[in-house]
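Novice: below: sequence and its predicted model.
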Amino acid sequence: MLLAPGVHAAVSEFTLGNGLKVLVKEDRRAPVVVTQVWYKVGSSYEYDGITGISHALEHMMFKGTDKHPAGQFSRIISANGGSENAFTGADYTAYFQTLEKSRLEVSMELEADRMRNLTLPPEEFEKEIKVVQEERRWRTDDEPQAYAQEVAMATAFQTSPYRQPIIGWMADLEQMKVGELQTWYRRWYAPNNAVLVVVGDVRPEAVRALAEKHFGALKPEDVAAPQPRPEVEQAGLKRVTVQRPAELPYLIMGWKVPVLNDARAADGGVHEWEPYALDVLGGILDGGSSARFASRLVRGSEVAAAISADYSLGSRLGTLFTVDGTPAQGHDIASLEAAVRAQIEDLKQKLVEASELERVKAQVVSRDVYQRDSVFYQAMILGVLETVGLPWQLTEEYVERIKAVTAEQVREVAQRYFNDDRLTVAVLDPLPIDPERPPRSAPGDMGHVR
């Protein structure tokens, strides 16, 4: 459930003459300000041969401009008592800083400088691309469950760019050239393809003045939308088995489902309420210790040692509703898959009782209260929505939309989307672990990663 509201305070919105959109939200509970710059580019914008380029560029964004050489960005933020980092996703790349409110201009000046003035030194790229390759080995190639998840996505999606890993395929990373990063940077890193989000103890008029001062003179780019690559219709159940050295077997089941963007499309054929009903369905299955997976599969039948469900209604393109888990001792993958299927079938056949539905909805309200404590999260959800093509105002509608979901709607989305023609099943079949092989430790400098 990635879409959740934050503090219910007014959001000020304005756009500079060069196209930079700025969102400001006041939260005066602490003298802190979070600054985030979101670029509308991520791994789903990439194509074969350059996968991983968005993430590699994220690393290089800390390698300097003429005004601020390599390493200076982080040192300046640290010297001002702040923290900073960045992350790359399928649909966006974001950079953020948290500072005491009087230091807001520091992050503004630094971010504006590297938005258009990155130098991309070849010698820094040669070092950093090796860091990225090692990151891929450490996080994916040497992690059997992560590797299985990558294979599952590449199997489930045939033409959608969501089949590509955010970190990229190793062959593409090994062949990547700094000139390709330069072209990617000039194409996508422009004020008219970015959103500046500022949340904290600030005044909107003061933020606007700083934005005009530091970003206003930056030249826009002729940014063309990425070529549409819609997913072809699936023609039957897909299965894939991955064999890797691992301690336990692992199951992934992923059904193709719509997101809010699909529901907002004029000819998408998706009802506006469906993504919210899918979100509620996720809470019914995996919404805490009283949810069905925990109470029926972990504790009840004890078929699962661990199991979870995941769905993000705030994606740019249609996504997967995934269930993943490991069987308990004495059970195998087949019995775990059968148990998951039984829970899905139950949702198809029977209406969820009112008390269970209200429990899930109450959890949403509780999460709303909890999220109000996070200035960073308030900024993040605004940035996510804007970069995937959704209006930030949806943050204010989310709770009411969830409250409006009915038991009949939950059953309807279960019946419509949870069938084998939309399903991919991936299984990790563990091979023996070599006792002589020492465990790989994290690289000494992972850089700035998602």
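Specialist: Done, it's in. Given the structure is predicted, the values throughout are model-derived calculations rather than measurements.

Novice: where does the prediction get shaky in the stretch 351-450 of the chain?
Specialist: For the stretch 351-450 of the chain, the stretches with pLDDT under 70 are 368-369, 372, 438-450.

Novice: what about the strands in it?
Specialist: 423-431 (DSSP state E, counting those that start in this stretch).

Novice: isn't residue 184 up against residue 51?
Specialist: No. Between residue 184 and residue 51 there is no contact under C-beta atoms under 8 Å: 11.8 Å. C-beta: built from backbone N, CA, C; applies to glycine.

Novice: who has more neighbours out of those two?
Specialist: Taking other C-beta atoms under 10 Å, residue 184 and residue 51 do not tie; residue 51 has more neighbours (24 against 18).

Novice: contacting residues for the closest residue in space to the more buried one that isn't next to it in sequence?
Specialist: Spatial nearest neighbour of residue 51, excluding adjacent residues (C-beta to C-beta, 6 or more residues apart in numbering): residue 168 at 4.1 Å. By C-beta atoms under 8 Å, 6 or more residues apart in numbering, the contact set of residue 168 is 43, 46, 51-53, 55-56, 132, 136.

Novice: the strands in the stretch 51-200 of the chain, which residues?
Specialist: According to DSSP E, counting those that start in this stretch, the strands that the stretch 51-200 of the chain contains are 83-88, 93-100, 194-200.

Novice: can you redo those strands as JSON lines with mean neighbour count, distance to residue 412 and mean pLDDT?
Specialist: Output for those, formatted as JSON lines (neighbours: other C-beta atoms under 10 Å; distance: least, C-beta to C-beta, whole Å; pLDDT from 0 to 100):
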{"stretch": "strand 83-88", "mean neighbour count": "18", "distance to residue 412": "35", "mean pLDDT": "97"}
{"stretch": "strand 93-100", "mean neighbour count": "23", "distance to residue 412": "35", "mean pLDDT": "98"}
{"stretch": "strand 194-200", "mean neighbour count": "27", "distance to residue 412": "35", "mean pLDDT": "98"}
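
Novice: how does the protein divide into domains?
Specialist: The chain breaks down by automatic domain parsing into domains covering 11-215, 238-431.

Novice: the ones you listed: which one's closest to residue 227?
Specialist: Each of these has some distance to residue 227 by C-beta to C-beta; the shortest is domain 11-215, at 8.1 Å.

Novice: how long is the closest one end to end?
Specialist: 20 Å (C-alpha to C-alpha, to the nearest Å).

Novice: please identify which helix or strand holds the residue nearest to residue 45 when sequence neighbours are not counted.
Specialist: Nearest non-adjacent residue to residue 45, counting by C-beta to C-beta, 6+ apart: residue 226, 4.7 Å away. For residue 226, there is no enclosing helix or strand under DSSP states H and E.

Novice: now the phi/psi pair for residue 226, please.
Specialist: Per-residue torsions, residue 226: phi -60, psi 150 (degrees, to the nearest 10).

Novice: how near is it to residue 65?
Specialist: 27 Å (C-beta to C-beta, to the nearest Å).

Novice: who has more neighbours out of the two?
Specialist: residue 65 (19 against 15).

Novice: picking that back up, residue 150: which of the strands of the stretch 51-200 of the chain is closest?
Specialist: The nearest among the strands of the stretch 51-200 of the chain, by C-beta to C-beta, is strand 83-88 at 15.1 Å.

Novice: which helices and strands sit right next to that closest one?
Specialist: On a contact count with 3 or more C-beta pairs under 8 Å, 6 or more residues apart in numbering; DSSP states H and E, strand 83-88 meets helix 53-60, helix 72-79, strand 93-100.

Novice: got the ones you listed as CSV, with distance to residue 313 columns?
Specialist: CSV is the format used below for the helices and strands packed on strand 83-88 (distance: least, C-beta to C-beta, whole Å):
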stretch, distance to residue 313
helix 53-60, 23
helix 72-79, 33
strand 93-100, 19
